[in-house]
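J.: sequence plus predicted model, see below.
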Amino acid sequence: MRPQFSIIFFTTLVGMAQGLLFFIALANLHNQSIPNAFLANLALPVAFAILALSLIASFFHLGHPERAWRAAMMWRTSWLSREVIALPAVMAVTVVIFLYASFGEVPQWLWIVLLLTTIVLWICTAKIYQCIRFIQEWSHPSTLTNFILLGATSGWILLELLIALWGDTSAQMIDAPLSVIAFVLLFLSLNLKLWIWSRNRKLKPKSNLATATGIKGNNIRQTSMGLMGGSFNTREFFHHQTDKVIANIRKIILLCAYVIPMILMAYAITSPDFLVITLALLINYLGLLAERWMFFAEANHPQNLYYQRVS
């Protein structure tokens, strides 16, 4: 598939905001360890700003952005429609919690609502792709797990960065260094991604050129698709990059999304530093952009069996 960069920005940004809100809600449900001043003045505004940016980014891959509201009308059957509803719901809950944190205590039931809405949004976003059964790379529970784990990891690193920026130890969620959990999340994400790549390499197409064209025979060879030039099908369902480019992008993903941030987090465990955490978050997000591009690019649409060559 040929990914749209707007949807790459959308899914990575919204995942980071979800991870941030998820851990804030989890911490407050556990022992109410995060002070309201930190929430109202820094954490919640940052989360809402990222959610708003992701919402804006989502409009750029719509053919008719002015009709975006209609996307919610098919919520009974469409995961995309459910996502369109879930994202504003998360934003609305964030605003309500911000108001409570600004003027008083946040009720426990609101943290439960925030926790549930972030999980629902993760499920809706991942299910948009996981429910497409004929794309084997996506049609697997690892799609949902990968979305959640990557979003949780980047959100946790962002939360650690905000706590370091706040500079008040009262905002510390646990006694152990936050970088320990960041390192563990990165390690788990890395192993999941390596397993996904290994699985994808072993996948075999369920169709062949004979079933794609409807022509019976074992010796079919395609020399032309019958077009003088490209079409929507030839442009949008293949990334048109060479194997060398794909191999280099995989290296960028491994280094930026996982390995370098793990090294920086390991350093931050014993020597916590604001600049180190900032660098880890920036490098991790660059890696996430490459990872999400690869997520779309490595999806092999069955129609490519028919549209193999232009002429």
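T.: Sure thing, it's come through. Numbering: from 1, shown residues only.

J.: tally of neighbours for A290?
T.: Neighbours of A290 under the rule other Cβ atoms under 10 Å: 21. For every residue, glycine as well, the C-beta is placed using N, CA and C.

J.: over to I260?
T.: Neighbour count for I260, taken as other Cβ under 10 Å: 18.

J.: which other helices and strands contact the helix or strand it falls within?
T.: Using DSSP states H and E, I260 maps to helix 260-270. If contacts are counted by 3 or more Cβ pairs under 8 Å, 6 or more residues apart in numbering; DSSP states H and E, helix 260-270 sits against helix 178-202, helix 274-297.

J.: run through who's touching that helix.
T.: Helix 260-270 is contacted from outside by 157, 177, 179-180, 182-183, 186-187, 190, 276-277, 279-281, 283-284, 287, using Cβ atoms under 8 Å, 6 or more residues apart in numbering.

J.: any low-confidence regions in this protein?
T.: 1, 62-66, 68, 168-176, 212, 222-230, 232, 235-236, 305-311 (pLDDT under 70).

J.: who's in contact with the residue nearest to I157 when sequence neighbours are not counted?
T.: Leaving out its chain neighbours, the residue that sits closest to I157 by Cβ to Cβ, 6 or more residues apart in numbering is L281, at 4.8 Å. Shown in contact with L281 (Cβ under 8 Å, 6+ apart): S154, I157, L158, L161, P261.

J.: switch to 10 Å and redo it
T.: L281 is in contact with M16, S154, W156, I157, L158, E160, L161, A182, P261, L264, counting by Cβ atoms under 10 Å, 6 or more residues apart in numbering.

J.: could you give the angle of the helix or strand hosting the fourth one to helix 178-202?
T.: Per DSSP H and E, I157 falls inside helix 141-166. Relative orientation of helix 141-166 with respect to helix 178-202: 160 degrees, computed using axes from the mean of the first three to the mean of the last three Cα atoms, to 10 degrees.

J.: drop anything exposed from the contacts of helix 260-270.
T.: Burial by neighbour count, judged by 16 or more other Cβ atoms under 10 Å, picks out 157, 177, 179, 182-183, 186, 190, 276-277, 279-281, 283-284, 287 from the contacts of helix 260-270.

J.: pull the most distant pair out of the residues you listed.
T.: Longest distance between any two of these is 22.2 Å, between P177 and G287; criterion Cβ to Cβ.

J.: tabulate the helices and strands packed on helix 260-270 (a markdown table), appending distance to F22.
T.: Listed next are these as a markdown table, based on distance: least, Cβ to Cβ, whole Å:
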| stretch | distance to F22 |
| --- | --- |
| helix 178-202 | 12 |
| helix 274-297 | 16 |
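
J.: out of those helices, flag the one nearest T234.
T.: Between the helices and strands packed on helix 260-270, helix 274-297 lies closest to T234; by Cβ to Cβ that is 15.3 Å.

J.: could you export that closest one as CSV, CA atoms only?
T.: The C-alpha trace of helix 274-297 is given here as CSV (Å, rounded to 0.1, in the frame of the first residue of the first chain):
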residue,chain,number,x,y,z
PHE,A,274,16.0,16.7,30.7
LEU,A,275,17.9,16.9,27.4
VAL,A,276,18.5,13.1,27.3
ILE,A,277,14.8,12.4,27.7
THR,A,278,13.9,15.1,25.1
LEU,A,279,16.3,13.6,22.7
ALA,A,280,14.9,10.1,23.3
LEU,A,281,11.4,11.3,22.7
LEU,A,282,12.3,13.1,19.4
ILE,A,283,14.3,10.2,18.1
ASN,A,284,11.5,7.7,19.1
TYR,A,285,8.9,9.8,17.3
LEU,A,286,11.0,9.9,14.1
GLY,A,287,11.2,6.2,14.3
LEU,A,288,7.5,5.9,14.8
LEU,A,289,6.9,7.9,11.6
ALA,A,290,9.1,5.4,9.7
GLU,A,291,7.4,2.4,11.5
ARG,A,292,3.9,3.6,10.6
TRP,A,293,5.0,4.2,7.0
MET,A,294,6.3,0.6,6.9
PHE,A,295,3.1,-0.7,8.5
PHE,A,296,1.2,0.6,5.4
ALA,A,297,3.9,-0.1,2.9
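
J.: going forward, the N-terminal residue is numbered 270.
T.: Sure thing, new numbering starts at 270, so read that last one as helix 543-566.

J.: what about that helix, distance to the chain center?
T.: 11 Å (Cα atoms, centre = their mean, to the nearest Å).

J.: now the angle from that helix to helix 529-539?
T.: Going by the same axes, to 10 degrees, helix 543-566 makes 150 degrees with helix 529-539.

J.: give me the ChimeraX select line for the contacts of L550, limited to the buried ones.
T.: To isolate the buried members of these in ChimeraX, using 16+ other Cβ under 10 Å:
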select :285,423,425,426,427,429,430,451,530,533
